[in-house]
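Asker: build me a model:
(chains A, B, C, D, E and F)
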Protein chains: 4
Amino acid sequence: MGTAGRPRSEESHKAILQAAYDLLHEGGFARFTFERVAARAGVSRSTIYRWWPSKGALAMESAFDALSVELAFEPSRSPVDNFRTRLRLVAVALKGRPGRIIAGMLAEGQQDPGTIEIFTKLYIEPARRITRALLHQAVDEGFLRPDFDIEMAIDIAFGALYHQLLLGRTLERDWIDRLVDFIFRGALIEPSPIPN
Amino acid sequence: MGTAGRPRSEESHKAILQAAYDLLHEGGFARFTFERVAARAGVSRSTIYRWWPSKGALAMESAFDALSVELAFEPSRSPVDNFRTRLRLVAVALKGRPGRIIAGMLAEGQQDPGTIEIFTKLYIEPARRITRALLHQAVDEGFLRPDFDIEMAIDIAFGALYHQLLLGRTLERDWIDRLVDFIFRGALIEPSPIPN
Amino acid sequence: MGTAGRPRSEESHKAILQAAYDLLHEGGFARFTFERVAARAGVSRSTIYRWWPSKGALAMESAFDALSVELAFEPSRSPVDNFRTRLRLVAVALKGRPGRIIAGMLAEGQQDPGTIEIFTKLYIEPARRITRALLHQAVDEGFLRPDFDIEMAIDIAFGALYHQLLLGRTLERDWIDRLVDFIFRGALIEPSPIPN
Amino acid sequence: MGTAGRPRSEESHKAILQAAYDLLHEGGFARFTFERVAARAGVSRSTIYRWWPSKGALAMESAFDALSVELAFEPSRSPVDNFRTRLRLVAVALKGRPGRIIAGMLAEGQQDPGTIEIFTKLYIEPARRITRALLHQAVDEGFLRPDFDIEMAIDIAFGALYHQLLLGRTLERDWIDRLVDFIFRGALIEPSPIPN
DNA sequence: CTTTAATCGAGACGGTACGTCTGGTCTTGTT
DNA sequence: AACAAGACCAGACGTACCGTCTCGATTAAAG
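Answerer: Numbering: from 1, shown residues only, chains lettered A, B, ... in the order given. Modelled structure (predicted):
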């Protein structure tokens, strides 16, 4: 098989991702450059160019763990409540450093389609998947009308959140609640199937 | 009073804005630099630095007219229909060059808060104002429930649109219709107050 | 004896020399790199490094045949005429591609003594040997004074030729004739020993 | 007049030439790079690129003084002796650092015609001019035959010297004397016009 | 028939330098 | 003052080679 050649140095690989991660957290996308990553990682620039096609790709890969970090929560019996809880957690994350990184990623992606592609695959899609499951469950269990437009609800939820983020708004808890209310307006089936 | 000194050259001012506008349309934000604008306008770089604090500010100012361009339409008697029509027009604009410029502006703004500020004031706020008026009218005239959350509807509408834009999606007409339907879901008062 | 191990691949060896030769003729020394040679020859870089200590060494070996090529000529009865004919032929060669290669070799040698050494041994010395024989014959046969400084004549002849070459001059036939005249000035024995 | 713009920094200019000069003397052409010159001079790389078109041009300019260094000598009454003295001095210079620099210059010039051009104009031509004057005087004053080929004598003298230099030979005093003898062989008019 | 030794390909690695570009700043003379 | 002109430093870009270094696979002669 084609396993010839000197094997990739796992050490360098890790050092690069770590350095990238650190730089991203310290200065955001603005101060994130290949040169700095290389210097910080103690690695030659060409090694980075060999493995990552763009700044966005490297940033995405290095930040992925941090981005998908602990959005877990104790699910309640109502998927609608779970949806609300989840959006609140996402909002909290977006208010912090992960938010700045995501914003930077979206910005970078406007100049480089490859970055958007990676970002979508690694971050957006998984996030939507989780949310989609929640809403499907809500419909299946009779909390939401059967004709509820799940995909649009997701587009709207994340769209609104990211829009606030990109415009530098604060994502207050109250705003999140109004968002959730709006989304479920006229979609909830009363009385709730959950007895008392 | 202190009005001594050479007066600002209106000629240069216009040449700069025109050159900036052209560059923005030719190559988007990526190829938009002070150097190029200065060269194209036949103006020294320092003159630009004197009057605009950042790339974003100059881009915004030069592109403003083009962005707020022809979204006018023949209003119908139903403000809800007008809202739908307006979103469709916005979507059409976002699919074209203005969309790429707006995306670039949002991207630039992630590195420079000043740009976001100007962008918000010059573009976002006016756009929201028009939309807000439409929805207020719809409530006032009895098309929408009195407790309809107008601000959130606006956040959602633009958030969803821009989210699609930034992720490189296509903004199909069908998607716009579903968006409008979702927003008005459960908010419409039937029967319509418009007779026949 | 220690002749174990896989034998050297004659195929690769030839492919390398051929590729080196081609590259040298296509782009001169400037575009002649180990990387390109390896790629062209379909050979790994390390194989080249194993067998040739430097670019100059490889270049020299690959170009040798081309350099010492067709300087043969029909000798006349006068060794002095033969010397003149020979210098003319050398000049013609130096005006063409071999000249550019030789110039490149001398240039390379200024950074790497090994290259000069090989170049001297493979090219300079043989060329001098032929010329030396001619002049010795001329002295022996009574065309030139017995105290003619043969070695210096050779130093001068090649020195002058290469100097022109390195300074980018054109090596006109007229100049060659003046060079030969100068070298033999006061050294010819008259009348010529060749009876008519 | 077109004297607008920030004037060239004499400080930087001098620092660059000094740094270039130092590097050339420390490591020869091999270790002479724009990067190093910039770093040593405390100057940005672009400033060097703005003013010098190539490494060779910068090297030449920085080394010129050192190259044309003290070849002055007390002239005797015989221009032929002066010629001999001059060649000896040139040889001494070529044996030292200036020789390595000149060799590097010629080498560099093989890849970049511009360098050869500058080198010829700044160094070769002036050196020939001095030598030419000496030989003209020798003819005029009756030391050399009127039909002595002065230009070829110069071509030969420098050609032979540089050839030795480029081949890494040692330029012994004895060799110089034989060179001069060869050049004047059969060209001297006896008895010398200089009365004793 | 299995070591052992050398070669070969593939290809990664740390480096160095290239030439270009942009961002901001500054220093002039001119208007 | 504002302006054109243009120099300056800083620093990142992406590319090209360098010479070295693993690796696994191949190929013979030697044990």
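
Asker: for stretch A:25-44, what is the average pLDDT?
Answerer: For stretch A:25-44, the mean per-residue pLDDT is 94.

Asker: cool, stretch A:136-150 as well?
Answerer: 93.

Asker: is it positioned near chain B?
Answerer: Yes: applying C-beta under 8 Å from any C-beta of the partner chain, one finds stretch A:136-150 touching chain B at residue A:149. Just so you know, the C-beta spots here come from the backbone N, C-alpha and C atoms, and that holds for glycine as well.

Asker: end-to-end on that stretch?
Answerer: With C-alpha to C-alpha, to the nearest Å as the measure, stretch A:136-150 spans 7 Å from end to end.

Asker: list the buried residues for it?
Answerer: If you call a residue buried by 16 or more other C-beta atoms under 10 Å in any protein chain shown, then stretch A:136-150 has these buried ones: A:137, A:138, A:139, A:141, A:143, A:144, A:145, A:148, A:149, A:150.

Asker: so, low pLDDT: which residues of chain A?
Answerer: Across chain A, the ranges flagged by pLDDT under 70 are A:1-2, A:66, A:68-71, A:190-196.

Asker: and chain A, what are its domains?
Answerer: Domain ranges of chain A: A:10-56, A:65-184, per automatic domain parsing.

Asker: returning to that earlier point: could you dump the buried residues of stretch A:136-150 to TSV with distance to residue C:23?
Answerer: Below are the buried residues of stretch A:136-150 laid out as TSV (distance: C-beta to C-beta, whole Å):
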residue	distance to residue C:23
A:137	66
A:138	69
A:139	68
A:141	72
A:143	73
A:144	70
A:145	73
A:148	68
A:149	64
A:150	62
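
Asker: if we take these, which one ends up nearest to residue B:17?
Answerer: Nearest to residue B:17 among these is residue A:149, at 43.0 Å by C-beta to C-beta.

Asker: and that closest one, how far is that from residue D:147?
Answerer: 106 Å (C-beta to C-beta, to the nearest Å).

Asker: ditto for residue A:145
Answerer: Distance from residue A:145 to residue D:147, by C-beta to C-beta: 115 Å.

Asker: now do residue A:177
Answerer: Separation of residue A:177 from residue D:147 (C-beta to C-beta): 109 Å.

Asker: contacting residues for whichever residue of chain A sits closest to chain B?
Answerer: Nearest residue of chain A to chain B: residue A:186, at 1.6 Å (C-beta to the nearest C-beta). Listed by C-beta atoms under 8 Å, 6 or more residues apart in numbering or on different chains, the contact set of residue A:186 reads B:185, B:186, B:187.

Asker: any chance of these in a markdown table with distance to residue B:86 and secondary structure as columns?
Answerer: Below are the contacts of residue A:186 laid out as a markdown table (distance: C-beta to C-beta, whole Å; DSSP: H, G, I helix; E, B strand; the rest coil):
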| residue | distance to residue B:86 | secondary structure |
| --- | --- | --- |
| B:185 | 18 | coil |
| B:186 | 21 | coil |
| B:187 | 17 | coil |
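
Asker: distance to residue B:39 for the residues you listed - can I get that in JSON lines?
Answerer: Converted to JSON lines, the contacts of residue A:186 look like this (distance: C-beta to C-beta, whole Å):
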{"residue": "B:185", "distance to residue B:39": "53"}
{"residue": "B:186", "distance to residue B:39": "56"}
{"residue": "B:187", "distance to residue B:39": "53"}
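
Asker: now flag whichever of the residues you listed is closest to residue D:33.
Answerer: Comparing the contacts of residue A:186 against residue D:33 with C-beta to C-beta picks out residue B:185 as the nearest, at 68.2 Å.

Asker: can you list phi and psi of that closest one for me?
Answerer: phi -50, psi 120 (degrees, to the nearest 10).

Asker: and if you look at residue A:188?
Answerer: phi -80, psi 140.

Asker: now do the contacts for it.
Answerer: Listed by C-beta under 8 Å, 6+ apart, the contact partners of residue A:188 are A:80, A:143, A:144, A:145.
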